[in-house]
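Visitor: The sequence and its predicted three-dimensional model are supplied below.
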Amino acid sequence: MKNRKQTTSKILMIRPASFGANPETAINNTFQAKSADAHVQSIRQKAREEFDQMVIQLQETGVDVNVVEDSQIPEKPDAVFPNNWITTHADGSVITYPMFSELRRLERREDVVSMLEEKYRVEKRYSFEQYEEEGKFLEGTGSLVLDRVHRIAYACLSPRTDIGLLDKFGVLKGYRIVHFTARANGTDIYHTNVLMAMGHDFVIICREAIPEETDWVKLHDMFAKTAKEVIEISADQMHAFAGNMIELRSSKGEPLIVMSEQALQALSKNQKDKISKHGRIVAVGIPTIEKYGGGSARCMIAEIFLPPRN
């Protein structure tokens, strides 16, 4: 079996209590509906139903899903996207991150970190949130698309991804930083993980969203050096969240490519065939979460790479 340092079978997901459209994130998230066209309680209930069905699907494929209930107070409309505030690493480290939206800063929960410490071996804890006071942000694996095998962090610069904090992350974790510019409709794309997904031996990327040829050459050269099959998606497919997928693995080691049903429907047969060579596609139905949250399957998953306690 291939070395699968890039992927894990253990994940953290937060079951939403107060899901809805966040006006603070809508400022620079063009993938998000600006206002709700249905009753707020109906949207929240649909989001919980979509979340629960996604958990069942992942568990049935052999993924170990650690589900934590979102706390009712204070209300946190984006709590279903924990990957933006926490990452875990195979050396036993946990990092928490500074968030652009003041509402989203409430998502950082010490009880969640404590839960991880009880179940896994946490050797080091790093906090970046103090940079919020300086107006500098780095939103976890929304900002950072990590090649964990080759220790490369890819990132498109935006109001939510500060170049200085990228460098600090690189020094802290021993990662090479590869940053670039990405735009959609003339606006900087808010998170790297909507246009790019990193698998063990492939990468999904929207070439159309990268306007600078020098950036594309730099990225393509790095993909070649790290033996990644490049699977390009269009801007329309990116807006259907086809770039927001994640490779996991089952408890038996089977590679799984998790994406939304909308993303799957947007892909061509040729693209699906290419992706399927790298793992079994698992498509989850999360239209409400995608529409009002402006994020998709990858955003809902915080990977757990921590070593076991025993």
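Guide: That came through fine. As the structure is a computational prediction, the values presented were derived from the model and not from experiment.
Visitor: Now that residue 298 has come up, it's in contact with residue 245, right?
Guide: Yes - in this structure, residue 298 is within contact of residue 245 by CB atoms under 8 Å, at 5.8 Å. Where C-beta positions appear, they are placed from N, C-alpha and C, glycine not excepted.
Visitor: Are there residues contacting both of the two? Which ones?
Guide: Common contact partners of residue 298 and residue 245 (CB atoms under 8 Å, 6 or more residues apart in numbering): 197, 258, 259.
Visitor: What is the nearest of the residues you listed to residue 102?
Guide: The shortest gap between residue 102 and any of these belongs to residue 197, at 28.5 Å (CB to CB).
Visitor: Show me the helices in this structure, by range?
Guide: Remark: helices assigned in the chain by DSSP state H are 40-60, 102-105, 110-119, 140-143, 163-173, 213-225, 235-239, 261-266, 269-276, 287-293.
Visitor: Identify, out of those, the most deeply packed stretch.
Guide: Of all the helices of the chain, helix 140-143 has the most neighbours on average by mean count of other CB atoms under 10 Å, namely a mean of 26.
Visitor: And for that helix, what's in contact with it?
Guide: Under CB under 8 Å, 6+ apart, the answer for helix 140-143 is 81, 83-87, 95, 97, 137, 155, 158, 160-161, 166, 190-193, 295, 298-299, 302-303.
Visitor: same question, stretch 202-216
Guide: 180-184, 189, 195-197, 219, 223, 228-235, 237-238, 242-243, 245, 274-275, 278.
Visitor: So residue 84 is in contact with residue 299, correct?
Guide: Yes - between residue 84 and residue 299 a contact is recorded at 7.2 Å, counting by CB under 8 Å.
Visitor: Show me whatever sits in contact with both of these two.
Guide: Contacts common to residue 84 and residue 299, judged by CB under 8 Å, 6+ apart, are 142, 191.
Visitor: neighbours around the closest residue to residue 281 other than its chain neighbours, how many?
Guide: Leaving aside its sequence neighbours, residue 281 sits nearest to residue 257 (CB to CB, 6 or more residues apart in numbering; 5.1 Å). Residue 257 is flanked by 23 other residues according to other CB atoms under 10 Å.
Visitor: again with residue 206
Guide: 22.
Visitor: go on, the one 3 residues further on?
Guide: For residue 209, the count of nearby residues is 22 (other CB under 10 Å).
Visitor: Let's have the shared contacts of residue 298 and residue 245 in a markdown table, adding neighbour count and pLDDT.
Guide: Formatted as a markdown table, those follow (neighbours: other CB atoms under 10 Å; pLDDT from 0 to 100):
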| residue | neighbour count | pLDDT |
| --- | --- | --- |
| 197 | 27 | 98 |
| 258 | 28 | 98 |
| 259 | 27 | 98 |
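Visitor: Can you tell me which of these end up in strands?
Guide: Among those, the ones falling in strands (DSSP state E) are 197, 258, 259.
Visitor: Show me which of the residues you listed is closest to residue 53.
Guide: residue 258 (13.1 Å).
Visitor: how close does the residue lying closest to residue 174 once chain neighbours are set aside sit to residue 267?
Guide: In space, and not counting its chain neighbours, residue 174 is closest to residue 151: 5.9 Å by CB to CB, 6+ apart. According to CB to CB, to the nearest Å, residue 151 and residue 267 sit 29 Å apart.
Visitor: Could you check which of the two is surrounded by more residues?
Guide: residue 267 (23 against 13).
Visitor: correct me, but the more buried one touches residue 242?
Guide: Yes - the pair residue 267 / residue 242 is scored as a contact, 5.8 Å apart, by CB under 8 Å.
Visitor: Report the set of residues contacting both of the two.
Guide: residue 233.
Visitor: for the closest residue to residue 19 other than its chain neighbours, what are its contacts?
Guide: Nearest in space to residue 19, with sequence neighbours left out and distances taken as CB to CB, 6+ apart, is residue 47 at 3.9 Å. Residue 47 sits next to 16, 19, 80, 288, 289, 292, 293 when contact means CB under 8 Å, 6+ apart.
Visitor: how far away is residue 47 from residue 288?
Guide: 5 Å.
Visitor: One more: residue 127?
Guide: Residue 127 is 32 Å from residue 288, by CB to CB.
Visitor: Now do residue 40, the pLDDT please.
Guide: Reported pLDDT at residue 40 in the predicted model: 86.
Visitor: Does it touch residue 20 like I think?
Guide: Yes - using CB under 8 Å, residue 40 makes contact with residue 20 at a distance of 5.9 Å.
Visitor: Low-confidence regions, the stretch 1-150 of the chain specifically.
Guide: 1-4, 22-38 (pLDDT under 70).
Visitor: Not counting sequence-adjacent ones, nearest residue to residue 203?
Guide: residue 228 (4.5 Å).
Visitor: I appreciate the help and will end here.
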